[in-house]
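kindly return the folded structure for what I paste below:
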Amino acid sequence: MEADGCSVESKEKRYYIRAKRDPNTFYFHADEAPPRNARLSDENHPQCGVENLKNSFTKDMLGKTGEFGSYTTRANVFAREGQFFFEAKVISQAPPGRENPRQALAETQNVDRSATNRGGLRVGFCRREHHWSENLGSNAYSYAVILRSGTSKEYGSVRFNTMMYHMQGNGAQDPGDLSPGDVVGVMITLPSLEVHKKVVEGTFHPADYPDLKCGPAVSKPRKQAAGKKGSKSGGKAKEKDGEGPKTKEDATKRPHSRAAIRGALHTLAGSPLPPDLDIIRDRNPFLHKGMTYFECPEYTPNHDLSRPTLNAKNKSVNPETGKRYDLLTDPHPNHDLAHLRTLPGSKIELWVNGKYHGVVWEHLFAFLPPASCIEKGNKTATGTGEVDDGLLGYYPAISHYTGGAIECKFDAPWWFGYEHDGPPRPEARPIGERYQEQIVEDLVSDLVDEIYQEKLYNDPNWMKKRVLSAAANLHHN
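Below is the predicted model:
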């Protein structure tokens, strides 16, 4: 395996993505190093910043391994709604058998780094808040299937966690101990963004969506006092901004209201109207070693969803029990705390070598703001941390430990696929199809930002003038 390229390492409160400048407009746009397709991302791990870690990719960026600890790598594609599938093949993993809890796997396994019988692996999905230094499944920002010692705790988590997130679905089968050559397929199902938005806004009613399973706790109605307070403050904000109508009649009378604008939109035959979501990005381009990057504020992990033993004193307390919230039983779509609200109908299913193993996870946590939030001290240009930058979602991800190696497939043809066993999935798609969709979404957001800036400065060439002026001043100095 060989490492690909070099990228600026993401920090605790900042993350960086490659960028390039349009030679005509001088606007900056997101860019990516080859290969330009759905693959593992090299922008969210320390392999370039710390060479001794020896985190390495294959040339096609679909395989990865590493030494000296546990690391998580996510893909460059993500799911926000719908049903998506990908596969991962075990290349190297320690042989079956329970590990000695008193001795590290790195000390007991074969020291030959070319061997394929060492290391540990996990496969699943994670959110933006999941840090590369943590194993998948060690916090509530990620969901993982443990490929080695599935019926026991693998080294790398047993020392630090008091609770492992094992199979929580209905009738799920543990994959057991897998060997090199075995393939796991993982499928995620998420509700529409329309439903997701209602969940995070606190306006979701289970009776309106009887086909969507809610849980794990029984969904309770929101407190009346909280609802009145929210609606009162929300009304003031809308009146002050001059955007929100006071009544439904006003929404149709006012030509510039959101409802009126959306009502006048016409889509192509058979195409649904896009969800009413604001994408707000705070991206600052800068040069680093001859390359251009965007610096962006990163979403802040909430104490309640972090590892059970991390910041335990700061975790929220359930007023009904006087104890900390149990993440496996207490959350539901109408929870008082937005970050503990779950998505109706969401689930993760598992296949092993083409055999269906059931729903291994369900009731996934919501990720749209305010369920995801940027720390107050790291606010965006809008002055609030409750923004969606368009990159929130669930990312395919893998974790490897001390020599574990894995290869992924995000597009068909599959090694085994999901069509031959389990319930039919007519709406399922390869997660790799999101790559082209994400490009379109990013271009649309670029256009919106450019139009806004040109109207703000009343000059369609303001960016070009600013860049040329800065270059002239730099040359003069």
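
flag the shaky bits of the stretch 301-450 of the chain, pLDDT-wise.
308-312, 376-385 (pLDDT under 70).

okay, buried residues for the top helix by length along the chain please.
Counting residues, the longest helix found in the chain (DSSP state H) is helix 434-457. Residues 434, 435, 438, 441, 442, 445, 446, 450 are the ones in helix 434-457 that count as buried (16 or more other CB atoms under 10 Å). Heads up, the C-betas are built off the backbone N, CA and C, glycines and all.

from those residues, which is closest to residue 30?
residue 442 (5.5 Å; CB to CB).

my read: that closest one touches residue 434, true?
No - using CB atoms under 8 Å, residue 442 makes no contact with residue 434, being 11.8 Å away.

now the buried residues of helix 434-457 as TSV including distance to residue 175?
Below are those laid out as TSV (distance: CB to CB, whole Å):
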residue	distance to residue 175
434	25
435	28
438	30
441	34
442	35
445	39
446	42
450	48
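
and these, which two are furthest apart?
Between all members of the buried residues of helix 434-457, the farthest pair (by CB to CB) comes out as 434 and 450, at 23.8 Å.

counting by contacts, list what the longest helix of the chain packs against.
Helices and strands touching helix 434-457, by 3 or more CB pairs under 8 Å, 6 or more residues apart in numbering; DSSP states H and E, are strand 28-30, helix 462-476.

out of the ones you listed, which gets the lowest mean score?
Lowest mean pLDDT of the helices and strands packed on helix 434-457: helix 462-476, a mean of 71.

surely residue 15 is within a strand?
Yes - under DSSP: H, G, I helix; E, B strand; the rest coil, residue 15 sits within a strand.

gap between the nearest residue to it once chain neighbours are set aside and residue 399?
Spatial nearest neighbour of residue 15, excluding adjacent residues (CB to CB, 6 or more residues apart in numbering): residue 298 at 4.7 Å. Distance of residue 298 to residue 399, computed by CB to CB, to the nearest Å: 20 Å.

who's more crowded, these two?
For residue 298 versus residue 399, neighbours defined as other CB atoms under 10 Å are more numerous around residue 399 (32 against 21).

so who does that one touch?
70, 71, 72, 73, 121, 122, 123, 135, 136, 137, 144 (CB atoms under 8 Å, 6 or more residues apart in numbering).

and for residue 406?
63, 64, 65, 88, 89, 90, 91, 121, 123, 398, 400.

torsion angles phi and psi at it?
Here is the backbone geometry of residue 406 (degrees, to the nearest 10): phi -150, psi 150.

likewise for residue 88?
The phi and psi values for residue 88, taken as degrees, to the nearest 10, are phi -140, psi 130.

ok, it touching residue 398?
Yes - with contacts counted by CB under 8 Å, residue 88 reaches residue 398, the gap being 6.2 Å.

overlap of the contact sets of those two?
121, 123, 406, 408.

helix or strand: which one has the last one?
If I follow you right, that is residue 408. strand 405-409 (DSSP states H and E).

what's the burial count for the spatially closest residue to residue 317 that is not a sequence neighbour?
Among residues not flanking residue 317 along the chain, residue 324 sits closest, at 5.9 Å (CB to CB, 6+ apart). By the measure other CB under 10 Å, the count of residues near residue 324 is 16.

please apply the same query to residue 412.
Neighbours around residue 412, by other CB under 10 Å: 12.

dump stretch 273-280 to PDB, keeping only the CA atoms.
Extracted C-alpha coordinates of stretch 273-280, given in PDB (Å, rounded to 0.1, in the frame of the first residue of the first chain):
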ATOM      1  CA  LEU A 273     -39.400  19.600  -5.000                       C
ATOM      2  CA  PRO A 274     -36.100  19.900  -3.000                       C
ATOM      3  CA  PRO A 275     -36.500  20.200   0.800                       C
ATOM      4  CA  ASP A 276     -36.700  23.700   2.300                       C
ATOM      5  CA  LEU A 277     -33.300  23.900   3.900                       C
ATOM      6  CA  ASP A 278     -30.800  26.700   4.300                       C
ATOM      7  CA  ILE A 279     -27.200  25.800   3.400                       C
ATOM      8  CA  ILE A 280     -24.900  28.200   5.200                       C
END
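
in it, what counts as buried?
Here stretch 273-280 shows 279, 280 as buried, counting by 16+ other CB under 10 Å.

what are the contacting residues of that stretch?
With CB under 8 Å, 6+ apart, stretch 273-280 has contacts from 192-194, 197, 258, 262, 265, 267, 368, 380, 382, 387-390, 441, 445, 448.

which element is the closest residue to residue 358 other than its chain neighbours on?
Leaving aside its chain neighbours, residue 358 sits nearest to residue 172 (4.1 Å; criterion: CB to CB, 6+ apart). Counting by DSSP H and E, no helix or strand carries residue 172.

neighbours around the residue nearest to residue 67 when sequence neighbours are not counted, how many?
Closest residue in space to residue 67, ignoring its immediate chain neighbours: residue 54 at 4.4 Å, by CB to CB, 6+ apart. Neighbour count of residue 54, defined by other CB under 10 Å: 15.
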